[in-house]
Every structure is written in structure tokens, then in C-alpha cells.
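> Following is a predicted model, sequence given first.
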Amino acid sequence: MTSSISKLSDLLSEKVKETNQVIEENLSAEETPIIGDIASHLINSGGKRIRPLLTLAASKLFDYKGNKDTFLAAAIEYIHSATLLHDDVIDRSEIRRGLKTANIVWTNKYSVLVGDFLFSRAFQLMVKTQSLKIMKTLSDASAIISQGEILQVGIEGKLHVSQEDYLKVIKGKTSALFSAACQAGAEITEASETHIKALREYGDCVGTSFQIIDDLLDYLGDESQMGKNKGNDFFERKITLPIIHAYEKSSKAEKKFIIGIFKKPKPNHLDLNDLLEVLENKKSLLFTKNQASIWSERSINALKIIESSKIKTLMTELAEEILNRVS
């Protein structure tokens with residue numbers, strides 16, 4: 001995705017710079033310097049900041065001239081970072097973006113509390129937009145994100161989960177913030193309700209495609225590029241689309257084999273390789289990429305009613321490039 005993201009960043013360079021300044025200025029609290037240390041460890045660790053970039057892009061689509069988009073974009077990044085801090089505690093993760101996670105460096109307690117701090121900062125920045133509509137959009141998204149995380153914990157290790165349940169999880173944990181980022185970016189402009197709805201749909205669909213590919217990369221990705229260990233989802237017993245599809249397509253004997261792998265107290269990389277063989281045989285990896293492709297196409301279709309522009313072209317390219325993360 002480097003190409004479209006880089007081009008969007010260049011096209012919106014002044015807004016990106018202003019947003020980064022807002023992010024940096026609000027990271028710390030004088031009384032508790034550890035907050036800034038932990039927040040900076042994550043936020044400045046090399047993330048692409050796709051969500052705030054989409055907020056700025058959505059505002060630019062409708063020729064927004066003020067500075068509320070930068071407050072909004074920073075709030076979006078804070079919400080995203082807060083969820084990552086909480087996720088790493090829940091998942092007992094050790095690596096993110098190639099670095100030790102905050103919970104490993106500073107303990108779970110600090111990670112959770114700094115995540116809460118970032119949520120609070122996000123809402124302080126939302127207030128600066130002076131828009132109840134935007135506050136509703138982002139507060140609704142925050143609630144949906146929490147529900148998605150709870151749903152994910154609820155299906156952990158349950159191989160009989162349906163594809164519908166899986167989509168509910170990722171629409172909560174990922175799509176909701178993509179959607180809110182795009183919707184809120186349009187809401188601070190004079191865009192029509194029809195156009196705002198189109199941006200919300202784009203964000204929802206592109207976020208869904210992004211997460212499906214992310215789940216696929218857990219089994220196919222290059223560790224040096226992902227910034228995390230291959231097979232993390234498997235070792236954390238997360239049930240994602242490749243597993244769901246393979247289990248649905250398996251015979252009783254094959255299902256028993258899959259169950260046996262997931263029931264092991266400490267599965268190892270040999271178990272991961274055995275599972276990968278099942279996924280290949282059932283064409284579950286190909287199926288997963290095809291599903292991501294469907295969602296990317298939906299996101300592109302959502303933009304059809306938007307007037308042509310460089311921003312629209314790059315948002316379309318982003319939807320296409322999400323798929324290219326898997327060769």
C-alpha cells in the first residue's frame with residue numbers, strides 16, 4: 001500500500017504535518033511522564049496512520065478549508081492507538097511493528113491505563129470540532145470497537161464459528177474506525193448526506209478488506225514486513241476466516257485433526273505447518289483473498305457518486321493496493 005499512502009501523504013502534506021503536530025503536542029501529561037513514554041513508543045513506532053489520513057482525504061474531497069480536520073484526524077489516531085494497547089494486553093502479544101509491545105516493556109497495568117488516557121485525549125480533541133454530529137459518530141464507533149473486541153474473545157478457540165460471526169468481529173474491531181474516520185472527515189464539510197453515507201460505506205468496506213487481508217497475512221506474510229511474528233493468530237487461538245472456511249469444508253476426520261491442533265496446550269511451528277497444509281488443500285487461503293477482493297470492490301463502488309479528483313483516484317488505488325499485500 002506504500003504507493004497510494006505516500007501519494008496521499010504528499011498531496012495532503014501540510015495537513016499531515018499539522019495533524020502530526022497535534023498528535024505530538026497532546027501525547028503527554030506533566031504529572032505522569034510515563035504516559036508520554038508509552039504513548040510515544042507505540043504512536044511513533046512506524047505505523048502508516050492510514051485512518052487519520054483517510055479523515056484528511058475525506059475532508060479534502062469536499063474542499064474543507066478549516067483546521068478541525070486535523071483535530072479529528074489526531075483523535076482517530078489516538079482511538080486506534082488506544083485499541084492497540086488494549087489488544088496487546090488481551091492477546092498477550094510481545095511484538096508490534098517490529099518492537100517489543102508496551103505491555104512487555106512497561107507491564108499490562110500501564111498499557112491499559114495509557115490506552116484509557118489516549119481515549120480521553122481523543123474525546124478532548126473531538127470537543128474542539130464543536131460538532132455533536134461528529135462526537136456521536138466517533139463515540140458510536142468507540143462503542144462498536146469495544147463490542148467487537150468482546151465478540152472476538154467470545155469466539156476464541158471455537159472452530160464452529162460462522163463467517164457471519166467473523167464479519168461481526170472485524171466490523172467491530174477494524175471496520176468501525178475506518179468507517180468513522182471517513183464519515184467524520186466528510187461531516188465537518190458541507191457534504192450532502194448522500195455523500196457522507198458514501199464515505200461511511202467506503203470506510204466500512206475498505207476496513208473489512210484490510211482486516212481480512214491482515215488475517216490472511218498471519219499465515220502467508222513476511223515477518224520482516226509485517227512487524228510481528230508469523231502465526232500469531234494461530235498461537236493466540238484466534239479463529240479467522242481461513243480457519244473458518246477450512247473447517248466448514250472439512251470431513252469429520254479432517255475436523256477432528258484441526259480440533260486436535262487447536263486443543264494442544266502449546267502448539268508449535270510444526271503444528272502451524274500442518275495447519276497451513278490443510279488451508280492449502282481446502283483452498284481456504286485463496287477463498288479468503290477472494291472475499292477481501294469483494295469488499296475492496298464494494299468500497300470502490302461506494303465512491304462512484306463522488307466527483308472525480310486526485311484524492312478520489314488515490315482512495316480507489318488504496319482499496320486496490322490492500323489486496324496486493326498478499327502476493
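In hand now; what should we look at? Numbering: from 1, shown residues only.
> ok, residue 247 to residue 5 distance?
Applying Cβ to Cβ, to the nearest Å, the value for residue 247 to residue 5 is 34 Å. (Glycine included, C-beta is placed from N, CA and C.)
> likewise residue 274?
Separation of residue 274 from residue 5 (Cβ to Cβ): 36 Å.
> more neighbours, the two?
residue 5 (18 against 15; other Cβ atoms under 10 Å).
> Pull the contacting residues for that one.
Residues in contact with residue 5 (Cβ atoms under 8 Å, 6 or more residues apart in numbering) are 48, 50, 53, 318.
> Repeat the analysis, applying 10 Å as the threshold.
48, 49, 50, 53, 54, 314, 317, 318, 321 (Cβ atoms under 10 Å, 6 or more residues apart in numbering).
> Return a selection command, for use in ChimeraX, containing the buried ones of these.
Entered in ChimeraX, the line below selects the buried ones among the contacts of residue 5, by 16 or more other Cβ atoms under 10 Å:
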select :49,50,53,54,314,317,318,321
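> would you list the contacts of residue 5 in JSON lines and tack on secondary structure, pLDDT and distance to residue 185?
As requested, these are exported to JSON lines (DSSP: H, G, I helix; E, B strand; the rest coil; pLDDT from 0 to 100; distance: Cβ to Cβ, whole Å):
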{"residue": "48", "secondary structure": "coil", "pLDDT": "79", "distance to residue 185": "17"}
{"residue": "49", "secondary structure": "coil", "pLDDT": "87", "distance to residue 185": "14"}
{"residue": "50", "secondary structure": "helix", "pLDDT": "93", "distance to residue 185": "13"}
{"residue": "53", "secondary structure": "helix", "pLDDT": "96", "distance to residue 185": "10"}
{"residue": "54", "secondary structure": "helix", "pLDDT": "97", "distance to residue 185": "7"}
{"residue": "314", "secondary structure": "helix", "pLDDT": "97", "distance to residue 185": "14"}
{"residue": "317", "secondary structure": "helix", "pLDDT": "96", "distance to residue 185": "18"}
{"residue": "318", "secondary structure": "helix", "pLDDT": "96", "distance to residue 185": "14"}
{"residue": "321", "secondary structure": "helix", "pLDDT": "95", "distance to residue 185": "20"}
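> what separates stretch 265-283 from the chain centre, distance-wise?
Its chain's average C-alpha position is 25 Å from that of stretch 265-283, according to Cα atoms, centre = their mean, to the nearest Å.
> Leaving out chain neighbours, which residue sits closest to the most centrally placed residue in the chain?
Against the mean C-alpha coordinate of the chain, by Cα atoms, centre = their mean, the closest residue is residue 174 at 4.2 Å. In space, and not counting its chain neighbours, residue 174 is closest to residue 211: 3.9 Å by Cβ to Cβ, 6 or more residues apart in numbering.
> The helix or strand containing that neighbour: which residues count as buried?
Assigned by DSSP states H and E, residue 211 belongs to helix 193-220. For helix 193-220, the neighbour count (16+ other Cβ under 10 Å) marks 195-196, 198-220 as buried.
> Please apply the same query to stretch 88-104.
Buried residues in stretch 88-104 (16+ other Cβ under 10 Å): 88, 89, 90, 91, 93, 95, 96, 99, 101, 102, 103, 104.
> Pipe the residues you listed into JSON lines and attach distance to residue 165 per row.
Compiled in JSON lines, the buried residues of stretch 88-104 are given as follows (distance: Cβ to Cβ, whole Å):
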{"residue": "88", "distance to residue 165": "23"}
{"residue": "89", "distance to residue 165": "23"}
{"residue": "90", "distance to residue 165": "18"}
{"residue": "91", "distance to residue 165": "18"}
{"residue": "93", "distance to residue 165": "23"}
{"residue": "95", "distance to residue 165": "28"}
{"residue": "96", "distance to residue 165": "26"}
{"residue": "99", "distance to residue 165": "32"}
{"residue": "101", "distance to residue 165": "27"}
{"residue": "102", "distance to residue 165": "30"}
{"residue": "103", "distance to residue 165": "27"}
{"residue": "104", "distance to residue 165": "30"}
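> For those, give me a markdown table that also has pLDDT, distance to residue 243 and secondary structure.
Formatted as a markdown table, these follow (pLDDT from 0 to 100; distance: Cβ to Cβ, whole Å; DSSP: H, G, I helix; E, B strand; the rest coil):
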| residue | pLDDT | distance to residue 243 | secondary structure |
| --- | --- | --- | --- |
| 88 | 75 | 22 | helix |
| 89 | 79 | 23 | helix |
| 90 | 78 | 19 | helix |
| 91 | 67 | 16 | helix |
| 93 | 71 | 19 | coil |
| 95 | 72 | 22 | strand |
| 96 | 69 | 22 | strand |
| 99 | 76 | 28 | strand |
| 101 | 77 | 24 | coil |
| 102 | 71 | 28 | helix |
| 103 | 77 | 25 | helix |
| 104 | 72 | 26 | helix |
